[in-house]
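Student: quick one: sequence and predicted model below, then my questions.
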Amino acid sequence: MATKALIGKDLREHGAAAIGLLVASLVMVALAIAQNRSAAFSMSPFEVVRFALITFVPLIVLTLGNRLIVREYLSGTRLFVEALPVGSMRPLLVKYGLGAAFLSLLAATLLAACVLGSSAADDVTPQWLGQLLLKTLVVMCLYWSIVFCFSLCGHLRIVLYLVTLGIVAMIAWMPAIDATRFAPFRLLDRDLFVFERDVVPVADMLWTLALAAAFLVTGFLIARLGNGSVADRLARPMTRRDFVVLGVLLIAGSGLAGVIAENRTREPIRFGNTSVLRVPEPAIEMYFASELYRERSEAFLASVQTAVEPMQARLGIDALPIVRLALRPTRERHDIDYGTLDGVYVAGNWLENDSYDDAVLVAVVLHGLLTARTTGRAPFEPHHWVLDGFTRWWAETLGEPQALQTSHRDELLTRAVFVASRLDDDADLVTGWQGIADNFGYPSAEALAFSAVLYIAETQGVEAVYDLGRAFLAEPVAASVLGSFSDRSRPAWQRFTTATGLTRDDFTRDWAAWLAQRSRDPGVAGRLALIPALDPVFEVDSSDAAQPAIVAGYTPRRGRVVSEVHEEAVCVFRYGSLSAFDYEYEVGDEDKRETRCVADEAAHVLSGRHGSGDRVYVALEFESPDFHQALRLGSQRLVIP
């Protein structure tokens, strides 16, 4: 009866708060699942489980400990409860049990929400779901045991939380420490926590539970001293000495964090003084390899400088990172290395470039500058199409529409019309940009984005394009919580409408109509006629179970006659192995096969390279001297049965 009375007391005092925490958790989970589902390469809603465990679940556990233990322990009402004929330990056992029950309910609710948001691709089985629930409960048990223990330490719990946070950060981020040697970190592995189905991490769960038990026992030992001076000392407010100790710990932690950050920072790319060209403003360095290549490299450097300076002024950007360009004379023209970890680094071969190829490479440089400016946000949906469209438009025009060369315009619009003609009727040409890039390749997706920006420039004026660039590409991610909320309060399409004066529906409809009209332009129509009227087909032939084969080919496009193509044109089959998880993938030049562009459903047969369960990315492309870059006819991600 006494135990029931204690349970009833805590439920009456904290039941409403518990319901509020549960509802808030469900809202967070729903938002996370929706965000995951809207991503171009979302994998599984069950990823939200791990996300929750390392983000908001610890905050919920802290709130739970504060409600159940801290308020009662520091206010002195625990003395009244302990004076009842129930002993000093039973109230704490009840509180720990209630907290564990609430977190178990939270874990079950979290997984239930993920199940509701799952699809057939997630292959939800009772065994796997039970394993995931068990791992989630083990992690929550560790969190609750730590909070339970520290909550019994009065005001000193703040110091203990800070010390624990510092230790966790050190293990997670210090390069000299292998985090996978610690069971809780190994259990929360980025890939295996959710997606491991065959191996149950029994040892990791037992070690994590042992750590939880150690904190739990420590907590009860502290409570056992409740009749002595130790517990009274812990319940008093923090003294000046305590604040001094806390300050020392914070300073030491800040110093340690600085050392960790310094160790994690790689050495920046630096060019020497030999075969290097430099421009002070905007800061650009170029390594040109040999004096033989100086003249051509100086010309390309001037093209980059001419593009960067006015863009910075038009967008109102106060400072840009340094650009480092490295010549690789032996590479193909469009084989480019690109990075933004330390300024903008681009390596490629510009020696044989014409003006179109130069614009491709300049757009890559601008892409890197604006990615760095927005602290990495610009390449994510729904900003990416603006980034690619704006940078290519600027590389072609330098902000002056009359500077756009007719041949460049026609080739880019040909690509855009080709891609648009092969999309589903209900496809969103803007928010689906990332999927379009995966299916048809980045050059064609960039051309589609370019056509959208060109449409805005021609119908709304170049100032609308500048405003669009400022709204999406000129500002870094907010550095504060309030700034982040302010940023999130303005959805992407609201920014778009404010900048261009076009609503989402009007823009999508009118742009598609404008693009269809461009297909009748002589320069565009002529290039479209050079593309073979073929549709790609892919299948897996499993008739030989020992050596399944991937079969790729071409079928005549309905309503079109397969036309003659350039004598040097070829159709290319590209393929590459994928991991078990979806991610952006661009197949390289090393895995490809060529053939004539004719209707043949078995033009390419790839046998003996992949086994059952393998995932393979396959693509068919058209390469011709009439186009500067390969035109992807289509692609698919196959699973070998």
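Tutor: That came through, no problem.

Student: quick one, phi psi at T555?
Tutor: Per-residue torsions, T555: phi -120, psi 150 (degrees, to the nearest 10).

Student: swap in R324?
Tutor: Dihedral angles for R324 - degrees, to the nearest 10 - are phi -120, psi 120.

Student: and it, how far is that from L473?
Tutor: 21 Å (Cβ to Cβ, to the nearest Å). Backbone N, C-alpha and C define where each C-beta goes, glycine included.

Student: same question for I177.
Tutor: 38 Å.

Student: the two - which one has more neighbours?
Tutor: L473 (24 against 14; other Cβ atoms under 10 Å).

Student: quick one: pLDDT of the more buried one?
Tutor: Listed pLDDT for L473 reads 88.

Student: can you pull the contacts of it?
Tutor: Listed by Cβ atoms under 8 Å, 6 or more residues apart in numbering, the contact set of L473 reads 315, 370, 373-374, 378, 383, 386-387, 390.

Student: 10 Å - rerun?
Tutor: 311, 315, 317, 366-367, 369-371, 373-374, 377-378, 383, 386-387, 390-391 (Cβ atoms under 10 Å, 6 or more residues apart in numbering).

Student: then L216?
Tutor: Counting by Cβ under 10 Å, 6+ apart, L216 has contacts 96, 141-142, 144-146, 148-149, 209.

Student: closest to E352 among those residues?
Tutor: Comparing the contacts of L216 against E352 with Cβ to Cβ places L142 closest, at 59.8 Å.

Student: ok, the closest one touching F182?
Tutor: No: the pair L142 / F182 is not scored as a contact, 11.5 Å apart, by Cβ atoms under 10 Å.

Student: where does pLDDT dip in the stretch 401-550 of the chain?
Tutor: 425-427, 429-431, 477-489 (pLDDT under 70).

Student: any idea how many residues pack against the closest residue to A203 other than its chain neighbours?
Tutor: Ranked by Cβ to Cβ, 6 or more residues apart in numbering and with sequence neighbours excluded, the top spatial neighbour of A203 is A183, at 7.4 Å. The number of residues packed near A183 is 20, by other Cβ under 10 Å.

Student: kindly report the same for V605.
Tutor: Neighbours of V605 (other Cβ under 10 Å): 13.

Student: circling back to that earlier point, just the contacts of L473: which are in strands?
Tutor: In this view, the contacts of L473 have no member that belongs to strands under DSSP state E.

Student: how about the helices in the stretch 301-450 of the chain?
Tutor: 355-373, 384-397, 406-421, 433-440, 442-460 (DSSP state H, counting those that start in this stretch).

Student: between the shortest one and helix 406-421, how many degrees?
Tutor: When you say that, I think you mean helix 433-440. Helix 433-440 and helix 406-421 meet at an angle of 100 degrees, taking axes from the mean of the first three to the mean of the last three Cα atoms, to 10 degrees as the criterion.

Student: for the helix or strand where R294 lies, the distance to its chain's centre please.
Tutor: Assigned by DSSP states H and E, R294 belongs to helix 294-315. Taking Cα atoms, centre = their mean, to the nearest Å, the mean C-alpha location of helix 294-315 is offset from the chain mean by 31 Å.

Student: over to stretch 168-184?
Tutor: Worked out by Cα atoms, centre = their mean, stretch 168-184 lies 23 Å from the chain centre.

Student: for A599, which non-adjacent residue is closest in space?
Tutor: P556 (5.0 Å).

Student: hmm, P536 and that neighbour touching each other?
Tutor: No: contact criterion Cβ under 10 Å: P556 and P536 do not qualify, at 12.0 Å.

Student: got any ranges where the stretch 1-150 of the chain has weak pLDDT?
Tutor: For the stretch 1-150 of the chain, the ranges with pLDDT under 70 are 1-3, 5-6, 9-10, 35-43, 72-89, 119-122.

Student: give the contact list for A420.
Tutor: Contacts of A420 by Cβ under 10 Å, 6+ apart are 427, 429, 436, 444, 448, 451, 511-512, 515-516, 518-519.

Student: same thing but 8 Å
Tutor: Here A420 is in contact with 429, 448, 512, 515-516 (Cβ under 8 Å, 6+ apart).

Student: and for A416?
Tutor: Contacts of A416 by Cβ under 8 Å, 6+ apart are 444, 447-448, 450-451, 515, 518.

Student: which of those ranks first by neighbour count?
Tutor: L448 (28 neighbours).

Student: what residues are up against that one?
Tutor: L448 makes contacts with 385, 415-416, 419-420, 429, 433, 436, as judged by Cβ under 8 Å, 6+ apart.

Student: top of the residues you listed by neighbour count?
Tutor: Neighbour-wise, the contacts of L448 (other Cβ under 10 Å) top out at R415, 28 neighbours.

Student: ok, and the closest non-adjacent residue to it?
Tutor: Using Cβ to Cβ, 6+ apart, the closest residue to R415 is A447 (3.6 Å).

Student: doesn't V419 make contact with that neighbour?
Tutor: Yes: when contacts are counted by Cβ atoms under 8 Å, A447 is listed as touching V419 (7.3 Å).

Student: ok, now how distant is the residue nearest to A599 from G501?
Tutor: From P556 to G501 the distance is 43 Å (Cβ to Cβ).

Student: check F271 too.
Tutor: Taking Cβ to Cβ, one finds F271 at 45 Å from G501.

Student: L98 now?
Tutor: If you go by Cβ to Cβ, the gap between L98 and G501 works out to 57 Å.

Student: where does the stretch 201-350 of the chain have low pLDDT?
Tutor: Those would be 225-270, if you go by pLDDT under 70 across the stretch 201-350 of the chain.

Student: what about the residue nearest the centre of the chain, distance to W433?
Tutor: Central residue of the chain (Cα atoms, centre = their mean): F380, 7.2 Å from the mean position. With distances taken as Cβ to Cβ, F380 is found 11 Å from W433.

Student: what of P401?
Tutor: Counting by Cβ to Cβ, the gap from P401 to W433 is 23 Å.

Student: L93 too?
Tutor: For L93 relative to W433 (Cβ to Cβ), the value is 56 Å.

Student: let me see the contact set for the residue nearest to R415.
Tutor: Residues in contact with A447, defined by Cβ under 8 Å, 6+ apart, are 392, 412-416, 419.

Student: okay, domains of this protein per the record?
Tutor: Using automatic domain parsing, the domain ranges for the chain come out as 2-264, 269-373, 376-529, 534-639.

Student: report the buried residues of stretch 271-289.
Tutor: Buried positions in stretch 271-289, judged by neighbour count with 16 or more other Cβ atoms under 10 Å: 275, 277, 279, 282-289.

Student: max pairwise distance over these: which two?
Tutor: P282 and A289 (22.5 Å).

Student: quick one, phi psi at the residue nearest to A599?
Tutor: Note on P556: backbone dihedrals following degrees, to the nearest 10 are phi -60, psi 140.
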